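My questions concern the predicted model and sequence given below.
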Amino acid sequence: MKRTGFMAEFFERNGLALGLYLLLAVGFWIFILIILPQLSMLDFSFRHHLPPPEMGGPKDVYTLEHYKFLALGASGAESTYNAVDLGVFVRTLLAALFVTLLDLALCYPLAYYLGQSNGGGFVRVLVLLLIIPYWVNEILRAFAFRIIFGDSGVINEMLMSMGMTAAPIDFIRENVALYSGLGYAYILLMIFPIYNVIESLDRNQIEAARDMGAPWWRIHWRVVIPYAKPGISSGCTMVFMLTAGALAAPQILGGPSSLWFTQIIYQWFNQGGNWPRGAAYAIVLLVVCIIIVLSMMRLFKVKMGDIGK
């Protein structure tokens, strides 16, 4: 009865045609574009790597060999575990966490300023300046960062002209360009969720805290940050997940010694032609990222519904 009442109210509010369209659109989005591809990938990850004529035959059975390969490596190897792939996996997660914290440190002050300002033309211009660079393709932006951080790039030329360095700094090898490019790529996904929450914060709460003599850091710690937790959680979740799953930026900006886990997945899919193993690697990355995000939400006492506010 409760469901019937909800559906009746839903169609009464939106009309029959629009209501059916919304249900079909949401259902298509959730089941066809999200759930079905992930289930197909999960099924593929448990299959043997077989030539096309043998697919669907007696050898096409479920197996854990691809997950075992990620954990233990090839059979007969000297090491008892897959040190290379697991090492890249851990480094990718740590790098994604670092980029997330970097974006949070950069975006929180700006989001607070935008949210608590009185508006006006300057704020609109500032928001526009933040958005305009994202009209350029992500790959082109990555190449622009490679040029800027190159040996003859703007930064090295500026440092040498100021006498701060005698020779160019290899920002590519030191992964400075990579972390900068990744942080910049998803910075809007951190700013706007925090801005949207802080904008609704009653300024009287901040003024009351100031009148009581609270220093600025205590105002943020006790008033602003607890109120902005949904926006912070939403921004951190999106930046962490997208950074861990990035491919274009690591391939363009990564140094010769840096390797992203998604690059290994790409190699299995395309260069190695082993789609089941690539699917297994992708599923592991997805599951571990989800576990990390849910653990952080539980640690900071943020509910799933708070993120959608």
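Received the coordinates, thanks.

Walk me through the regions of this protein where pLDDT falls short of the threshold, as ranges.
Along the chain, the parts satisfying pLDDT under 70 run over 1-4, 76-78, 119-120, 305-309.

centroid residue for it?
The centroid of the chain falls nearest to Leu242 when counting by C-alpha atoms, centre = their mean (2.3 Å).

Now do the contacts for that residue.
Counting by C-beta atoms under 8 Å, 6 or more residues apart in numbering, Leu242 touches Ala185, Tyr186, Leu189. For glycine as for every other residue, the C-beta is placed from the backbone atoms N, C-alpha and C.

could I get the strand or helix carrying it in PDB with only the CA atoms?
Assigned by DSSP states H and E, Leu242 belongs to helix 225-244. Taking Å, rounded to 0.1, in the frame of the first residue of the first chain, the C-alpha atoms of helix 225-244 are listed here in PDB:
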ATOM      1  CA  ILE A 225      33.500  21.800   8.700                       C
ATOM      2  CA  PRO A 226      30.800  19.800  10.600                       C
ATOM      3  CA  TYR A 227      28.200  21.600   8.500                       C
ATOM      4  CA  ALA A 228      30.100  21.000   5.300                       C
ATOM      5  CA  LYS A 229      30.800  17.300   5.800                       C
ATOM      6  CA  PRO A 230      28.300  16.200   3.200                       C
ATOM      7  CA  GLY A 231      29.900  18.400   0.500                       C
ATOM      8  CA  ILE A 232      33.400  17.400   1.600                       C
ATOM      9  CA  SER A 233      32.500  13.700   1.600                       C
ATOM     10  CA  SER A 234      30.900  14.000  -1.900                       C
ATOM     11  CA  GLY A 235      33.900  15.900  -3.300                       C
ATOM     12  CA  CYS A 236      36.500  13.500  -1.800                       C
ATOM     13  CA  THR A 237      34.600  10.500  -3.000                       C
ATOM     14  CA  MET A 238      34.400  11.700  -6.600                       C
ATOM     15  CA  VAL A 239      38.100  12.900  -6.700                       C
ATOM     16  CA  PHE A 240      39.400   9.700  -5.100                       C
ATOM     17  CA  MET A 241      37.400   7.400  -7.400                       C
ATOM     18  CA  LEU A 242      38.200   9.300 -10.600                       C
ATOM     19  CA  THR A 243      41.900   9.700  -9.700                       C
ATOM     20  CA  ALA A 244      42.300   6.000  -8.900                       C
END
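
for it, which positions count as buried?
Within helix 225-244, the residues that count as buried by 16 or more other C-beta atoms under 10 Å are 227-244.

how many other residues sit next to Arg124?
Burial of Arg124 is recorded as 10 neighbouring residues (other C-beta atoms under 10 Å).

quick one: the strand or helix carrying it to chain centroid distance?
Assigned by DSSP H and E, Arg124 belongs to helix 121-131. Put simply, helix 121-131 sits 24 Å off its chain's centre (C-alpha atoms, centre = their mean, to the nearest Å).

Would you mark the buried spots in that helix?
For helix 121-131, burial by neighbour count (16+ other C-beta under 10 Å) applies to Leu130.

299 is where my numbering starts, stick with that
Noted, 299 is the first residue going forward, which turns the last one into helix 419-429.

which strands and helices sit next to that helix?
With contacts taken as 3 or more C-beta pairs under 8 Å, 6 or more residues apart in numbering; DSSP states H and E, helix 419-429 sits against helix 381-414, helix 486-497.

Please identify the most buried of those helices.
helix 486-497 (a mean of 22; mean count of other C-beta atoms under 10 Å).

I'd assumed Pro554 was in a helix, is it?
No: under DSSP: H, G, I helix; E, B strand; the rest coil, Pro554 sits outside any helix and is assigned coil.

Which residues lie in contact with it in this structure?
With C-beta under 8 Å, 6+ apart, Pro554 has these contacts: Arg471.
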